[in-house]
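>>> Just need the structure, nothing else, for what follows:
(one chain, ligands or ions: 1)
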Amino acid sequence: MKADKRTMQPRVLLVEDEPAQREAVGYNLEAEGFAVIAADNGEDAVLLVEEDRPDIIILDWMLPRLSGIEVCRQLKMRAETRGIPIIMLSARAEEVDRVRGLETGADDYVVKPYSMVELMARAKAQLRRVRPATAGMWLEHGDLRLDPESHRVHRADKVLKLGPTEFRLLATLLEKPGRVWSREHLLDRVWGRDIYVDTRTVDVHVGRLRKALCVHGGDDPIRTVRGTGYALG
Ligand code: CA
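As a prediction, the model looks like this:
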């Protein structure tokens, strides 16, 4: 189940220019189960968001090249990156900074020196919002229920047998019911970025998933969106 861990693992982008801080926070994030991508300046942060699409971002305020505020503003302006939660770190505790931080669209704000326990709790709270399955929460939709911890899937109280790929596919679809996923996006989420898989493979596994979901009867809960991809419900 190595592949499972890699692709289900939440990704965090940590942007901090002080090496000791970056190392300490990175170490703690890894201990919490995050895959950590790190940057030490604002420009690289923006590029890494494009490349790696992290699930959440921890962003220092004072950074070389491009400030944390500017990075935040840019990411929140773009439709493709707007939904990624950003936790801003700042050494300045003044109320006005707090307000400015929130006006740039930051989702949370932590003042230095912060407790590592608190920062980790904030990071996990943001993650629960965007990737509930990686936070170990049950995912439910209609008569479907998926438990990421025990790797069990139920439909109308009957246990379903799914292969590991079909399980990850279903978890991805269940995280955002109704959302239309392109084949490329599903490939990225379910198979991972480093693996080359043809987009037709997605169709094959969606077919298997559909069959497994309907094995005890019931309607097909997966919708094919022509020319785009798939959605649940
Ligand atoms: Ca700094």
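>>> contacting residues for the residue nearest the centre of the chain?
Geometric centre of the chain, nearest residue: residue 55, 3.1 Å, by C-alpha atoms, centre = their mean. By C-beta atoms under 8 Å, 6 or more residues apart in numbering, the contact list for residue 55 reads 10, 11, 12, 84, 127, 130, 131, 134. In this view, the C-beta of every residue, glycine as well, is placed from N, C-alpha and C.
>>> Kindly tell me how buried the last one is, as a neighbour count.
Put plainly, it is residue 134. The tally of other residues near residue 134 (other C-beta atoms under 10 Å) stands at 21.
>>> Run through the residues that contact the residue nearest to it when sequence neighbours are not counted.
Nearest-residue entry for residue 134: residue 10, 4.3 Å, with adjacent residues in sequence omitted and distances by C-beta to C-beta, 6 or more residues apart in numbering. If a contact means C-beta under 8 Å, 6+ apart, then residue 10 has 33, 34, 35, 55, 56, 127, 131, 134, 135 as its contacts.
>>> List the contacts of the first one.
When you say that, I think you mean residue 33. With contacts defined as C-beta under 8 Å, 6+ apart, residue 33 is in contact with 9, 10, 134.
>>> Out of those, which comes closest to the ion?
residue 10 (23.9 Å; C-beta to the ion).
>>> Close to the ion: what parts of this protein are there?
Applying C-beta under 5 Å from the ion, we find that the chain lies next to the ion at 17, 60, 62.
>>> what about 8 Å?
By C-beta under 8 Å from the ion, the part of the chain that sits against the ion consists of 16, 17, 18, 21, 60, 61, 62, 63, 68, 89, 91.
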